[in-house]
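Peer 1: based on what follows, work out the 3D shape:
(chains A and B)
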Amino acid sequence: NAGVTQTPKFRILKIGQSMTLQCAQDMNHNYMYWYRQDPGMGLKLIYYSVGAGITDKGEVPNGYNVSRSTTEDFPLRLELAAPSQTSVYFCASSDRGATQYFGPGTRLTVL
Amino acid sequence: KNEVEQSPQNLTAQEGEFITINCSYSVGISALHWLQQHPGGGIVSLFMLSSGKKKHGRLIATINIQEKHSSLHITASHPRDSAVYICAAPEYTGFQKLVFGTGTRLLVSP
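Peer 2: Alright, predicted model coming up:
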């Protein structure tokens, strides 16, 4: 099993550009999550999903959108990138009430 | 909503020392998580526990539900244990969404 995969690993965006961070898992988990990690801060939940077609906002959803058309994939869309979105982004998945498995992360810089 | 606090923020140790990292939370929970973030950035789950104690190799996690407190211990620490250790608790009792502590940065010197 590949576990949770994320692409790209690194990306530099200019202010106002858009991009999609890809996340996929092959463990048939219903729950998937997007987090961002800023220096010196704990992981913050952006969006999560409890199954295909069902998504909900987390703590810091502004400036982001998600979709969940399949169990495996949970892409995160950044529209009109801003410097405040410079961060490391982690995708994770789990069964209900169980351990979360994390992807390797995407380091995003917005200049 | 749960609030999670860890201490200390930074910890340095000599190889072989016994390490303790503490985590406290404010809302009763079903399970508490300990995670490790490697210097390269990857995050792995170490433990999920709801009562008592769990052990994996040189790592031991304990939890006191009444006092809303958990500890992560590392016995016979080694430089490869150098990492950031993060605890996380459900946002509300029974909820799947986690609230994360800011982490404890551990550096073990030879």
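Peer 1: any stretches of chain A with poor pLDDT?
Peer 2: Applying pLDDT under 70 to chain A flags no residue at all.
Peer 1: what helices or strands is the helix or strand where B:Val84 lies leaning on?
Peer 2: With secondary structure defined by DSSP states H and E, B:Val84 is part of strand B:83-90. Counting contacts by 3 or more CB pairs under 8 Å, 6 or more residues apart in numbering or on different chains; DSSP states H and E, strand B:83-90 is packed against strand B:4-7, strand B:19-25, strand B:32-37, strand B:69-74, strand B:98-100, strand B:104-109. Placement of C-beta: from N, CA and C, glycine included.
Peer 1: okay, now A:Lys14: neighbour count?
Peer 2: If you count neighbours by other CB atoms under 10 Å in any protein chain shown, A:Lys14 ends up with 8.
Peer 1: now it: phi and psi?
Peer 2: phi -90, psi 150 (degrees, to the nearest 10).
Peer 1: same question, the one 10 residues further on
Peer 2: When quoted as degrees, to the nearest 10, the phi and psi of A:Ala24 stand at phi -140, psi 150.
Peer 1: for it, give me its contacts.
Peer 2: A:Ala24 makes contacts with A:Val4, A:Thr5, A:Glu72, A:Asp73, A:Phe74, as judged by CB atoms under 8 Å, 6 or more residues apart in numbering or on different chains.
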